[in-house]
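Asker: Quick one, fold the following:
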Amino acid sequence: MSEKPTTKVVPSLVSNTGGIVSPNPFWLASAPPANSGGQVQRAFDAGWGGAVWKTLGQPIQNVSSRFGGMHSKGVRAVGFNNIELITDRPLETNFREIYETKKKYPKHAVIVSLMVETREEWKDIIKRSIDTGADGLELNFGCPHGMCERGMGSAVGQEPKVNQEITSWAVEYSSIPVLVKLTPNVSDIRPHGMAAKRGGAHGVSLINTIKSIIGVDIDSFAIEPHVQSLGTNGGYCGQAVRPIALHMVASLAREKDFGLPISGIGGVCNWRDAVEFILLGSSSVQVCTEVMLRGYRIVEDMIEGLTQYMRDHGFSTLDQMVGRAVRNYSEWGDLDLNYETVAKIDASKCIGCNLCMTACQDGAHQCIHPSKDEKSRVPVIDEAECVGCNLCQIVCPVSGCITMEQVQNGFAPATWNQHVHEGALLRPKKGAH
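Answerer: Next up is the predicted model:
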């Protein structure tokens, strides 16, 4: 947290994403938590600012079982996988409940997620969605399983020309804002975001789930989750995907000619995660997996945490936050090769576990050694050999025990791009290969 004085002004959390306004930036993502009117209404009562209804389309039948979790070192479901498809409830039922929900909660954002095939189907389902009073549409171009085999979902999201064409249909037929939900199952997100923009989208949402296999039962050899003895690839989500989502959101936010609002999705578990997405360009954030694991009430802490963060940093509106970190996202070639840090150990906090030493010896640069003082269990850092890689700080179990501190080495800033384009002379770096 910043040490700036706390403002007495109550910050406004009102969010505007492509013309879709909500009382706060926290939306339910299009998924099981937003599958029915009863659920969405309970979520709004808990404090959620908006909800993207579970995707509507032609009738489907889901399989059983559908979900898989990746557990790590005693933590349950750090990653999550699903092979569930779009809604299996009748369209008429969904449209009625959307209408009832929007009528009961006029100030909350209700966005209808859609996925169909033909132009006529898009025209019909968009008209029916608008008739419910919904605030916006989200075109599901991201589902990586089941629907893509039918020519929808990520099959559309991976083809910029198709993305642009279908988006243009939706914008033509819609009188409310249209968001395009992008798939992460591409090598570069930018062409796909630009395709949505060319199609006339009012904004984009990303990321959808990542094509994956969550695991294998090593006794039965079944792919998880399995249907009888068979399994398939599904969509990976949860807190483990957040770094991928942040990268893709930031890549679009910093793209010079993009400029569309972004609804960020992927591994948001708490208010800090949400702040990261907002600082990298998101004007709203969508949450699915954490709600599935913890319930709707997690939004209370998210609202409280975001509000306090804005107070502490002097932000009175959400717009003042959006994209503030984008300017610090650089290409590798523009990083200062002469910037130098070394690790420092606070002896008063060290518990003598030696995890840093083991990690450095086996996985880094062999610069952390046992103390020569037999009475001390605090390792010693050979600063002349330390390359500032951060590994010791990452493995240290004690917060603040190991810090990375800048060394003034007397060398002027210099980047690889300067070296390539201007012939700048760079000094050899420690640990260079």
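Asker: Now do the biggest helix by length in the chain: distance to the chain's middle.
Answerer: With secondary structure taken from DSSP state H, the chain has its longest helix at helix 298-313. The chain centroid and the centroid of helix 298-313 are separated by 18 Å under CA atoms, centre = their mean, to the nearest Å.
Asker: helices and strands around it, which ones?
Answerer: strand 26-28, helix 37-46, helix 271-279 (3 or more CB pairs under 8 Å, 6 or more residues apart in numbering; DSSP states H and E). C-beta coordinates here come from the backbone N, C-alpha and C atoms, glycine included.
Asker: Looking at the following helix or strand past the last one now, give me its mean pLDDT.
Answerer: Sequence-wise, the next helix or strand beyond helix 271-279 is strand 282-287, with elements assigned using DSSP states H and E. For strand 282-287, the mean per-residue pLDDT is 98.
Asker: Repeat that for stretch 403-418.
Answerer: Mean predicted confidence for stretch 403-418 is 94.
Asker: what comes into contact with the strand or helix carrying Glu100?
Answerer: In the assignment (DSSP H and E), Glu100 maps to helix 91-104. Under the contact criterion CB atoms under 8 Å, 6 or more residues apart in numbering, helix 91-104 has outside partners 36-38, 40-41, 44, 53, 56, 59, 87, 108, 110, 112, 125, 128-129, 131-135.
Asker: ok, now with 6 Å
Answerer: By CB atoms under 6 Å, 6 or more residues apart in numbering, the residues outside helix 91-104 that reach it are 37, 40-41, 56, 110, 128, 132-134.
Asker: And stretch 328-337, by the same measure?
Answerer: Stretch 328-337 has contacts (CB under 6 Å, 6+ apart) with 250, 254, 413-417, 426.
Asker: Give me the buried subset of those residues.
Answerer: Among the contacts of stretch 328-337, those scoring as buried are 250, 254, 414-416 (criterion: 16 or more other CB atoms under 10 Å).
Asker: Skip the chain neighbours and tell me the closest residue to Met248.
Answerer: Closest residue to Met248 apart from its sequence neighbours, by CB to CB, 6 or more residues apart in numbering: Ile189 at 4.4 Å.
Asker: correction: Pro261
Answerer: Gly203 (3.9 Å).
Asker: Give the rounded mean pLDDT of stretch 50-62.
Answerer: 89.
Asker: Distance from it to the middle of the chain?
Answerer: On CA atoms, centre = their mean, the centre of stretch 50-62 falls 21 Å from the chain's centre.
Asker: ranges for the helices of this protein?
Answerer: Using DSSP H, helices in the chain cover 37-46, 91-104, 119-131, 154-157, 160-173, 190-198, 242-253, 271-279, 289-294, 298-313, 355-363, 391-395, 416-422.
Asker: So which residues make contact with stretch 363-376?
Answerer: 356-357, 360, 378-382, 385-387, 389, 391, 431.
Asker: which two from these end up farthest apart in space?
Answerer: For those, the farthest-apart pair by CB to CB is Val378 and Gly431; their separation is 23.6 Å.
Asker: Looking at those two now, which is surrounded by more residues?
Answerer: Val378 (17 against 14; other CB atoms under 10 Å).
Asker: wait, the more buried one sits on Lys349?
Answerer: No. At 9.5 Å, Val378 and Lys349 do not qualify as touching, with contact defined as CB atoms under 6 Å.
Asker: could the buried ones among the contacts of stretch 328-337 be laid out in CSV, adding distance to Gln308?
Answerer: Formatted as CSV, these follow (distance: CB to CB, whole Å):
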residue, distance to Gln308
Ala250, 24
Arg254, 28
Ala414, 40
Thr415, 37
Trp416, 40
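Asker: Which residue comes closest to Gly79 once chain neighbours are left out?
Answerer: Met70 (3.5 Å).
Asker: can you pull the contacts of the one you found?
Answerer: 78-79, 214.
Asker: ok, now Ile126?
Answerer: 173-174.
Asker: what's the spacing between it and Gly136?
Answerer: 11 Å (CB to CB, to the nearest Å).
Asker: Ok, Asn208 next?
Answerer: Where Gly136 is concerned, Asn208 sits at a distance of 17 Å (CB to CB).
Asker: ditto for Asn24
Answerer: 16 Å.
Asker: Val171 too?
Answerer: Relative to Gly136, and taking CB to CB, Val171 is found at 12 Å.
Asker: Between the two, which has more neighbouring residues?
Answerer: Gly136 (26 against 19).
Asker: show me the contacts for the residue minimising distance to the centre of the chain.
Answerer: The centroid of the chain falls nearest to Gly266 when counting by CA atoms, centre = their mean (3.0 Å). Residues in contact with Gly266 (CB under 6 Å, 6+ apart) are 207, 241-242, 245.
Asker: can I see the domain layout of the protein?
Answerer: 15-326, 332-422 (automatic domain parsing).
Asker: Let's see the distance spanning the first one from one end to the other.
Answerer: Meaning domain 15-326. Separation of the first and last residues of domain 15-326 by CA to CA, to the nearest Å is 19 Å.
Asker: Likewise for the shortest one?
Answerer: For domain 332-422, the separation between the terminal residues is 17 Å (CA to CA).
Asker: got it, and stretch 284-292?
Answerer: Taking CA to CA as the measure, stretch 284-292 stretches 19 Å from start to finish.
Asker: Just the residues contacting that stretch, thanks.
Answerer: By CB under 6 Å, 6+ apart, stretch 284-292 touches 15, 17, 25, 27, 29, 31, 33, 80, 237-238, 263-265, 268-269, 274, 277, 298.
Asker: Give the closest residue to Gln286 in space, chain neighbours not counted.
Answerer: Here the residue nearest Gln286, using CB to CB, 6+ apart, is Ala29, at 3.8 Å.
Asker: List the buried residues in stretch 49-56.
Answerer: Neighbour-count burial for stretch 49-56 flags 49-56 (criterion: 16+ other CB under 10 Å).
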